[in-house]
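J.: I need the structure of the sequence given here:
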Amino acid sequence: MPKINGNEIRPGNVLEHDGGLWAAVKVDHVKPGKGGAFAQVEMRNLRTGTKLNERFRSADKVERVRLEQRDMQFLFETDGMLTFMDAETFDQVELPADILGERRPFLQDGMTIVVEFHDSEALNATLPQKVTCTITETEPVVKGQTAANSFKPAVLDNGVRILVPPFVGQDERIIVNTETMEYSERA
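T.: Below you'll find the model as predicted:
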């Protein structure tokens, strides 16, 4: 496995640290007035889900782990476990539903997502960046409300509340960015 310097850590990198596999969630590069610069890294354990804040100086070496990524199809959910199937080998994998966090409502039946494996152990799942949803409830457009950054609240068919532009109406299909959980465009 390749070793990288502490200042090369980026969000999304998977690191081997203290005997566990950690995903870098947030990275802040800090340059204090006194002393050397360092990277303040917020990490999440891929097996237990615990969080850890760690400082890495540029001289520190960290093991970067490469995860195998496979496209898998979502089948069903039972008792808080999501079941996915590999389209080529028909192997089924179960992952806890909380692995998707607040993006869980965007998972739809039959959706193809990316599951990450380390030594044939499923560790993480990533939704597609854009998902099509239907607006079930929103306020009617107010005439004259044409300000550049005016948005109105809307409820999607999966129960998630987001802000949409005033020209989008009820029962319209829109595309939502699952990373930022914001309106992207009309479908």
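J.: So N158, which state does it fall into?
T.: What DSSP: H, G, I helix; E, B strand; the rest coil gives for N158 is coil.
J.: In contact with it, which residues?
T.: 105-106, 108, 133 (CB atoms under 8 Å, 6 or more residues apart in numbering). No exception for glycine: its C-beta is placed from N, CA and C like everyone else's.
J.: Quick check: it vs W22, distance?
T.: In this view, N158 and W22 are 30 Å apart by CB to CB, to the nearest Å.
J.: hang on, the earlier thing: can you flag which of the contacts of N158 belong to strands?
T.: C133 (DSSP state E).
J.: Nearest to D18, out of the contacts of N158: which one, please.
T.: F106 (32.5 Å; CB to CB).
J.: how many neighbours does the closest one have?
T.: Neighbourhood size, F106 [other CB atoms under 10 Å]: 21.
J.: I'd assumed T180 was in contact with it.
T.: No: at 12.0 Å, F106 does not count as touching T180 under the criterion of CB atoms under 8 Å.
J.: what's in contact with stretch 128-142?
T.: Contacts for stretch 128-142 (CB under 8 Å, 6+ apart): 106, 108, 111-113, 152-158, 160, 164, 166-179, 184, 187.
J.: Separate out the buried members of these.
T.: 106, 113, 152, 154, 156, 160, 164, 166, 168, 174, 176, 178 (16 or more other CB atoms under 10 Å).
J.: Please name the bridge partners of R44.
T.: Beta-bridge partners recorded for R44 (DSSP bridges): A23, K51.
J.: pretty sure it contacts T50?
T.: Yes: with contact defined as CB under 8 Å, R44 reaches T50; the gap is 7.3 Å.
J.: what does the domain assignment say about the protein?
T.: 3-65, 68-126, 130-186 (automatic domain parsing).
J.: Throw the ones you listed into CSV and include mean pLDDT, thanks.
T.: Listed next are those as CSV, based on pLDDT from 0 to 100:
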stretch, mean pLDDT
domain 3-65, 89
domain 68-126, 89
domain 130-186, 87
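J.: Tell me the strands beside the helix or strand containing Q69, with direction?
T.: Per DSSP states H and E: Q69 is located in strand 68-78. Paired with strand 68-78 in the same sheet, following DSSP bridges, are strand 81-86 (antiparallel), strand 112-118 (antiparallel).
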